[in-house]
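Novice: can you look at this prediction? I've put the sequence above it.
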Amino acid sequence: MPIAHLTVDPHFTVGPINRRLFGSFVEHLGRCVYDGIYEPSHPTANPEGFRQDVIELVKELGVSTIRYPGGNFVSGFRWEDSVGPKEERPRRLDLAWHSTETNQVGLHEFSSWLENFDSELMLAVNLGTRGTAEALDLLEYSNIANGTELSDRRAANGRPEPFGVSMWCLGNEMDGPWQLGHRSAEDYGKLASRTAKAMRQLDPSVELVVCGSSSAKMPTFGSWERTVLEQTYDDVDYISCHAYYEEVKGDLNSFLASAVNMDYFIESVVATADHVKAELASDKVINISFDEWNVWYINRVAANAPTGIDNWPVAPRLLEDVYSVADAVVFGNLLISLLKHADRVHSASLAQLVNVIAPIMTEPGGPAWRQTTFFPFSITSELAKGVVLVPRLDSDNYPTEAYGNVPVVDAVATYDEATGKAAVFVVNRSQTDTIDFRIDIALPSAYGSTDTISIDSAVATTLSADNDIYAANTLDNPNHVAPHLNSTVSVKDTSVITVSLPPVSWTAIAIN
Ligand code: AHR
């Protein structure tokens, strides 16, 4: 049986795990908001019209910060439409998704929904059809306590205390020709810089995310980041990355190695940000907000977008990808990549949360269920605490068309000194081979010596293909795919763990 070997030592850390790595994203797109989180006529709806069954699943998922309200949607959004008495809110055309926005859910409703999970609100401002003045208005409405026109309007709308939003995205995917208000890196950089400076004048505590590339495949990738950061370096805290992966033309080998591309993407953006740091002789470090990531069968779903001057549906079924086991294994590997770069990726948002390329699906008037991708997220969010340990990994390689020779196994370990608990997350990308995986983990004693202490127990949970790597959870069969306890795990010599990794699988090992 092929083997792979991970060695970690808690003295060698990548960095602390920021809880914001387990963020998600809710966009006014398709059925994410309407008929997703919000369905007043649903049997489980709470008095605000939000589905309680969805709330319970979001709690279980373990999301931290949630980015809102877009996405492409935000580049045409007028935030004022979404506050005040619901019956007075206008219906608007949403050009991004060729839909009608009813504005029945807005800033107040969404913020109170987040209180169910103690999640942090991350807002995006519209730098597509709007600019600095409107961004300032929204910031005043959100973060100023009282005594101004907009803060008093917020109070009159039912929210006396400020929303206190820290994280702000300066627009969305402004490098993309599909984006309303798309512009050159130079032009966007200038607008983002002006807006950021003004926002900080109003509230110096805000944390600002400038738009990086929509994917590492954009023709402007690299030069976009450099130019934008040259304009905004002193004004912002983070640069964004967005990445979606899919199996193309049956090339499963490459798809299973998608995290290789995420590693490359992150490392390239870090290098570019540090290049600008050197150019400017700055002491400041710009980190990454990976504020859109997922598996997305973008070409399949694009065909469903509504068209026609008289056809602007409310909450159409858009981007409702059904995820397989293979998708979940890739997804789990993307989380491993984010963790491996925890020193520079300080925030991330799984795009998206409900119905739209989502871990949670709903049927109007019916049930809500977990997609395959739900499990790697909820388990990683629960177990990955403390710091990420530097992974020293030995694995065979396999050939891929997209990325050349890549490791069959990818893994990362985390360690929480406060509780003494550790965790390892690992994928087997092989379609044929079970891998004999060995972990050597040296845990320090409570006295800070380098002595290795005993591992009391290790519990492994595996999501694997079994007979069908395209198995999925659906409305008719919502519990078809679930992770199982992997009984092959064993602890040897108090510091060595071994476990068998089935082909095309994701495994989490909780170490106590
Ligand atoms: O998440 C779906 C869409 O993907 C977002 O609206 C956009 O930012 C990205 O292109």
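Specialist: The structure has been received and is ready for your questions. Numbers count the residues shown, from 1 in each chain.

Novice: burial count for whichever residue of the chain sits closest to the ligand?
Specialist: In the chain, the residue found nearest to the ligand is residue 71; the distance is 3.0 Å by CB to the nearest ligand atom. Glycine gets a C-beta too; all of them are placed from N, C-alpha and C. Residues near residue 71, counting by other CB atoms under 10 Å, number 27.

Novice: give me the mean pLDDT for the longest helix anywhere in the chain.
Specialist: Using DSSP state H, we find that the single longest helix of the chain is helix 258-279. Here helix 258-279 scores 98 as its mean pLDDT.

Novice: send me that helix as PDB with only the CA atoms.
Specialist: Output of helix 258-279 as PDB, limited to C-alpha atoms (Å, rounded to 0.1, in the frame of the first residue of the first chain):
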ATOM      1  CA  SER A 258      -7.300  22.200  -7.300                       C
ATOM      2  CA  ALA A 259      -5.700  23.200  -4.000                       C
ATOM      3  CA  VAL A 260      -2.400  23.200  -5.800                       C
ATOM      4  CA  ASN A 261      -3.800  26.200  -7.700                       C
ATOM      5  CA  MET A 262      -5.100  27.800  -4.500                       C
ATOM      6  CA  ASP A 263      -1.600  27.500  -2.900                       C
ATOM      7  CA  TYR A 264      -0.100  29.100  -6.000                       C
ATOM      8  CA  PHE A 265      -2.700  31.900  -6.000                       C
ATOM      9  CA  ILE A 266      -2.100  32.700  -2.400                       C
ATOM     10  CA  GLU A 267       1.700  32.600  -2.600                       C
ATOM     11  CA  SER A 268       1.700  34.700  -5.800                       C
ATOM     12  CA  VAL A 269      -0.500  37.400  -4.200                       C
ATOM     13  CA  VAL A 270       1.700  37.400  -1.000                       C
ATOM     14  CA  ALA A 271       4.800  37.800  -3.200                       C
ATOM     15  CA  THR A 272       3.200  40.700  -5.200                       C
ATOM     16  CA  ALA A 273       2.000  42.400  -2.000                       C
ATOM     17  CA  ASP A 274       5.500  42.000  -0.500                       C
ATOM     18  CA  HIS A 275       7.000  43.300  -3.700                       C
ATOM     19  CA  VAL A 276       5.000  46.500  -3.400                       C
ATOM     20  CA  LYS A 277       6.000  46.700   0.300                       C
ATOM     21  CA  ALA A 278       9.700  46.600  -0.800                       C
ATOM     22  CA  GLU A 279       9.100  49.200  -3.600                       C
END
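
Novice: in this structure, which helix or strand is least confident?
Specialist: helix 298-302 (a mean of 70; mean pLDDT, DSSP states H and E).

Novice: tell me the phi and psi of the nearest residue to residue 359 once chain neighbours are set aside?
Specialist: Spatial nearest neighbour of residue 359, excluding adjacent residues (CB to CB, 6 or more residues apart in numbering): residue 374 at 4.0 Å. Here is the backbone geometry of residue 374 (degrees, to the nearest 10): phi -60, psi -40.

Novice: just checking, residue 374 touches residue 62?
Specialist: No - using CB atoms under 8 Å, residue 374 is not in contact with residue 62, being 10.3 Å away.

Novice: and those two? Which one has more around it.
Specialist: residue 374 (24 against 19).

Novice: residue contacts, the more buried one?
Specialist: Contact analysis of residue 374 by CB atoms under 8 Å, 6 or more residues apart in numbering lists 57, 61, 359-360.

Novice: among these, which are in strands?
Specialist: Counted as lying in strands by DSSP state E, out of those, are residue 360.

Novice: of the contacts of residue 374, which are in range of the ligand?
Specialist: By CB under 6 Å from any ligand atom, no member of the contacts of residue 374 lies near the ligand.

Novice: out of the contacts of residue 374, who has the most neighbours?
Specialist: Going by other CB under 10 Å, residue 359 tops those with 27 neighbours.

Novice: wait, does the helix or strand hosting residue 208 contact the ligand?
Specialist: In the assignment (DSSP states H and E), residue 208 maps to strand 207-210. No - judged by CB under 6 Å from any ligand atom, strand 207-210 stays clear of the ligand, getting no closer than 12.7 Å.

Novice: list of residues touching that strand?
Specialist: So strand 207-210 is in contact with 166-170, 189, 192, 196, 199-200, 228-229, 232, 235-240, 289, 291, 347, going by CB under 8 Å, 6+ apart.

Novice: quick one: strands adjacent to that strand?
Specialist: strand 167-170 (parallel), strand 238-245 (parallel) (DSSP bridges).

Novice: residue ranges of the helices in the chain, please?
Specialist: 52-61, 107-114, 132-143, 149-156, 185-202, 223-232, 252-256, 258-279, 298-302, 325-340, 374-383.

Novice: so which of those helices is the most packed in?
Specialist: By mean neighbour count, with neighbours taken as mean count of other CB atoms under 10 Å, helix 325-340 ranks first of these at a mean of 26.

Novice: where does the stretch 51-200 of the chain have low pLDDT?
Specialist: The stretch 51-200 of the chain contains no residues with pLDDT under 70.

Novice: how about the residues of it near the ligand?
Specialist: 70-72, 172-173.

Novice: farthest-separated two in the residues you listed?
Specialist: 70 and 173 (9.6 Å; CB to CB).

Novice: one step back: got the helices of the chain as JSON lines, with distance to residue 40 columns?
Specialist: What follows is these, written out as JSON lines (distance: least, CB to CB, whole Å):
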{"stretch": "helix 52-61", "distance to residue 40": "12"}
{"stretch": "helix 107-114", "distance to residue 40": "11"}
{"stretch": "helix 132-143", "distance to residue 40": "25"}
{"stretch": "helix 149-156", "distance to residue 40": "23"}
{"stretch": "helix 185-202", "distance to residue 40": "34"}
{"stretch": "helix 223-232", "distance to residue 40": "41"}
{"stretch": "helix 252-256", "distance to residue 40": "39"}
{"stretch": "helix 258-279", "distance to residue 40": "38"}
{"stretch": "helix 298-302", "distance to residue 40": "27"}
{"stretch": "helix 325-340", "distance to residue 40": "32"}
{"stretch": "helix 374-383", "distance to residue 40": "25"}
